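Undergrad: sequence plus predicted model, see below.
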Amino acid sequence: MNEFKSLMPYAKALELLRSYSKEFSSEIIGVEESIDRVVSKDIFSDIDSPAFDRSAMDGYAIQAKDTFTISEGSYVTLKVIDSITAGTISKTEVSVGEAIEVMTGAMIPKGADSVVMQEFTERENETIKVYKKVFPYMHVSRKGEDIRKGDLILKKGTIVAPEHLSLLKSLGIEKINVKKRPRVSIIVTG
């Protein structure tokens, strides 16, 4: 005679538990409070990142075709017409034979299609000597290169981790849909 009841197999117990459980409802919370929460709705980007073509190096924004004649030991001279730091915008357009000094992260000015690194130039007052050939979009981070508008950022069911916060914030996302936390009670019976 067996005095002990047989135990239910784990898989069957889990299946039974799931049959009685309901899906948690959602709530909208601030991104800062979302760590370890479960995303309840796919999150898509509303913007391109970067939002504009930007310089990937300190140097000079130029038209690449100005450098196509450079060969070993030769250079071209370009007129420097402006200077742009990250966060500022130049209203000056780059024409053939011209350059605008740019810092890393600066918006590429109109008319320019590449950046020549400052290491391959020599500045003399309002001109630069360029010693290295560049190609269109060389040293330029293109608009939407990292993330395009409409790209899936976090899939439904993802558990939000600390590394997701900076991504969400960089895309201007302040609030997200997450599953409500379960309320759990423990009853000790013996």
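TA: Structure's in. What do you need? The shown structure was predicted, so the numbers you read here are calculated from the model rather than taken from an experiment.
Undergrad: what's the single longest helix in this structure?
TA: Counting by DSSP state H, the longest helix found in the chain is helix 10-20.
Undergrad: what lies in contact with that helix?
TA: Outside helix 10-20, the residues within contact range by Cβ atoms under 8 Å, 6 or more residues apart in numbering are residue 8. (Glycine included, C-beta is placed from N, CA and C.)
Undergrad: show me where this protein has its helices.
TA: Ranges of helices in the chain, per DSSP H, are 10-20, 162-170.
Undergrad: mean neighbour count added to those, as JSON lines?
TA: Below are the helices of the chain laid out as JSON lines (neighbours: other Cβ atoms under 10 Å):
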{"stretch": "helix 10-20", "mean neighbour count": "9"}
{"stretch": "helix 162-170", "mean neighbour count": "14"}
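Undergrad: now do the same contact list for residue 161.
TA: So residue 161 contacts 35-36 (Cβ under 8 Å, 6+ apart).
Undergrad: pLDDT weak spots in the chain?
TA: Where the chain drops to pLDDT under 70, the residues are 1-4, 190.
Undergrad: quick one, domains of the chain?
TA: 24-48+147-179, 54-141 (automatic domain parsing).
Undergrad: point out the most buried one among those.
TA: Mean neighbours per residue, mean count of other Cβ atoms under 10 Å, is largest over the domains of the chain for domain 54-141, with a mean of 17.
Undergrad: please compute how far stretch 119-128 lies from its chain's middle.
TA: In terms of Cα atoms, centre = their mean, to the nearest Å, the centre of stretch 119-128 is found 32 Å from the chain centre.
Undergrad: stretch 171-189 too?
TA: Taking Cα atoms, centre = their mean, the mean C-alpha location of stretch 171-189 is offset from the chain mean by 27 Å.
Undergrad: other residues contacting it?
TA: Residues from elsewhere that reach stretch 171-189, judged by Cβ under 8 Å, 6+ apart: 24-31, 34, 37-41, 43, 45-47, 49, 147, 153-154, 160, 168.
Undergrad: again, but for stretch 102-112
TA: Applying Cβ under 8 Å, 6+ apart, the contact partners of stretch 102-112 are 52-63, 82-90, 92-95, 98, 100, 115, 140.
Undergrad: first-to-last residue distance for that stretch?
TA: With Cα to Cα, to the nearest Å as the measure, the first residue of stretch 102-112 is 11 Å from its last.
Undergrad: among the contacts of stretch 171-189, name the ones in strands.
TA: Among the contacts of stretch 171-189, the members found in strands (DSSP state E) are 26-30, 43, 153-154.
Undergrad: longest strand in this structure, please.
TA: Criterion DSSP E: the longest strand present in the chain is strand 76-84.
Undergrad: who are the packing partners of that one?
TA: Strand 76-84 makes packing contacts with strand 59-62, strand 98-102, strand 127-130 when contacts are defined by 3 or more Cβ pairs under 8 Å, 6 or more residues apart in numbering; DSSP states H and E.
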